[in-house]
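Asker: Got a predicted model here, sequence first, then my questions.
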Amino acid sequence: MTAPGVRTAAVFVPSSPMLLPEYVGLADPVAAIRRLAVQAIADALPGASSVVVLADVGAPLVGGWTGEPLGVRIGRHLLDLAGWDGDVQAGTSHYWNETTLYLVVGDGSARRSVRAPGHLDERAFAVDAALLRALDSADTEALLDLDLGLCDELMVTGATALRLAAYGLKDRTDLVGEVLWDGDPWGVQYWVARWRSIR
């Protein structure tokens, strides 16, 4: 339950295709991650009048007929699982207001092991650690200052979405961050986190 005077401004979830049912067979290797993400979203929905899904619009399309990037499709699916039946917007910019929830879909580096999609790059560990610190402390300045060139080299799929969220919330002085979970299965940095407005 959310305490009086506390509103979740943003929830941060992974962008793994396996969060979608069409990418899961008899085995569901991300079931626990999906549950954590859905629970974080469900906890954030009370008091929200609309949800804005922020994701990398340059990511591959899923079901080309929808015209929606992977992250947007994942965001909509997780919202459905969380029981949301209200307004959902997807875009590259949106100013946050008191009843908006940002759902930020994206990952850290995909170069954290030799079996990672981008193979191993030792720089990934420092970049991911900085991203996790920024999420845990709701540090909008750190996210706005991301080196997008380096993020691109390290296959940080969440960089654009993180910066969009930080820009929309940069004027808030009452944000408290919390990383609820993080891990790097398959050499990709995932997280479930939230930023709350404490009034």
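Answerer: Noted; the coordinates are in hand. Note that the structure is predicted; figures quoted are calculated from it, not measured. Residues are numbered from 1 along each chain as shown.

Asker: strand partners of the helix-or-strand element of the chain with minimal mean pLDDT, parallel vs antiparallel please.
Answerer: In the chain, no helix or strand scores lower on mean pLDDT, DSSP states H and E than strand 87-90, which sits at a mean of 90. The pairing partners recorded for strand 87-90 under DSSP bridges are strand 50-54 (parallel).

Asker: outside of the partner strand, which residues touch it?
Answerer: For strand 50-54, the external contacting residues (CB atoms under 8 Å, 6 or more residues apart in numbering) are 45, 71-72, 75-76, 79, 84, 86-91, 94, 96, 99-105, 161, 164-165. C-betas here are computed from N, CA, C, even on glycine.

Asker: now do 7 Å
Answerer: Contacts with strand 50-54, where a contact means CB atoms under 7 Å, 6 or more residues apart in numbering, come from 72, 75-76, 79, 84, 86-91, 94, 99-105, 161, 164-165.

Asker: Which members of the residues you listed occur in strands, if any?
Answerer: Counted as lying in strands by DSSP state E, out of the contacts of strand 50-54, are Asp87, Val88, Gln89, Ala90, Thr100, Leu101, Tyr102, Leu103, Val104, Val105.

Asker: residues touching the first one, list them.
Answerer: Applying CB under 7 Å, 6+ apart, one finds that Asp87 lies in contact with Ser50, Val51.
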